[in-house]
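> got a predicted structure here, sequence first:
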Amino acid sequence: MCGRFECDGEFSPSDMVNVLTLNGNEKMRWGIVNPTARAIIINVRIETANLKPMFAQSFQNRRCVIRCEGYYEWGAICKESDQTSLIPDDNELVGKQRYLFTPADSTHMFMAGIYELSLGAPRFAVLTTNPDHTIQPIHHRMPVLLTSSDIQPWLESGVVPPSPELKLKTV
């Protein structure tokens, strides 16, 4: 997943965002601080989150949900084909096409995340997974998506359901 999403405006890494935790709605900064790289981590692979020392405690005990209307990805545009694809073969890259992914049956979606206290404030990262058939031609990862009925099980026990199907809008 790339680093932007829509929720009553566009959010980028390091922005303050309302997220849902077991304690209710909380304002958190997007991006967990990586102390070894002096950078922030905005996305974490769900397949390895519980195995990596940096994320294991958060995955076990500090899960959150980010409500949004959609998220953005950028697909490569190649010189010779006008096709948008994840990997531009041998063609020369001439630009990127911005796509907004939104839910097929709702005006909003819920992304699974984890959070931690860092630099005295709560900070979160979005969990990602392998893409479904809609996203795969554009990007190799997508956020872990939840339905409204999945929120409580995710927050309480880390149950990860299959992602809801999305529709694609080109912006």
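Arrived safely, thanks for sending.

> report the distance from the longest helix along the chain to the chain centre.
In the chain, taking DSSP state H as the definition, the longest helix is helix 53-61. With CA atoms, centre = their mean, to the nearest Å as the basis, helix 53-61 stands 17 Å off its chain's centre.

> C-alpha coordinates for the helix or strand that it is followed by, CSV please?
Sequence-wise, the next helix or strand beyond helix 53-61 is strand 63-68, with elements assigned using DSSP states H and E. Output in CSV follows, covering the C-alpha atoms of strand 63-68 (Å, rounded to 0.1, in the frame of the first residue of the first chain):
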residue,chain,number,x,y,z
ARG,A,63,-4.4,-3.3,17.4
CYS,A,64,-6.4,-0.5,15.8
VAL,A,65,-8.7,0.3,12.9
ILE,A,66,-8.4,3.2,10.5
ARG,A,67,-11.7,4.3,8.9
CYS,A,68,-11.4,5.8,5.4
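
> roughly how far does residue 129 sit from residue 135?
To residue 135, residue 129 is 10 Å away according to CB to CB, to the nearest Å. To be clear about C-beta, it is placed using only N, CA and C from the backbone, and glycine gets the same treatment.

> I'd guessed residue 139 sits against residue 73; true?
Yes - contact criterion CB atoms under 8 Å: residue 139 and residue 73 qualify, at 4.4 Å.

> between those two, tell me which one has more neighbours.
residue 73 (23 against 18; other CB atoms under 10 Å).

> ok, what's across the strand from that one?
Note on residue 73: beta-bridge partners by DSSP bridges are residue 99.

> pLDDT wise, what is it at?
Here, the pLDDT recorded for residue 73 equals 88.

> quick check: it vs residue 98, distance?
Counting by CB to CB - residue 73 and residue 98 are separated by 8 Å.
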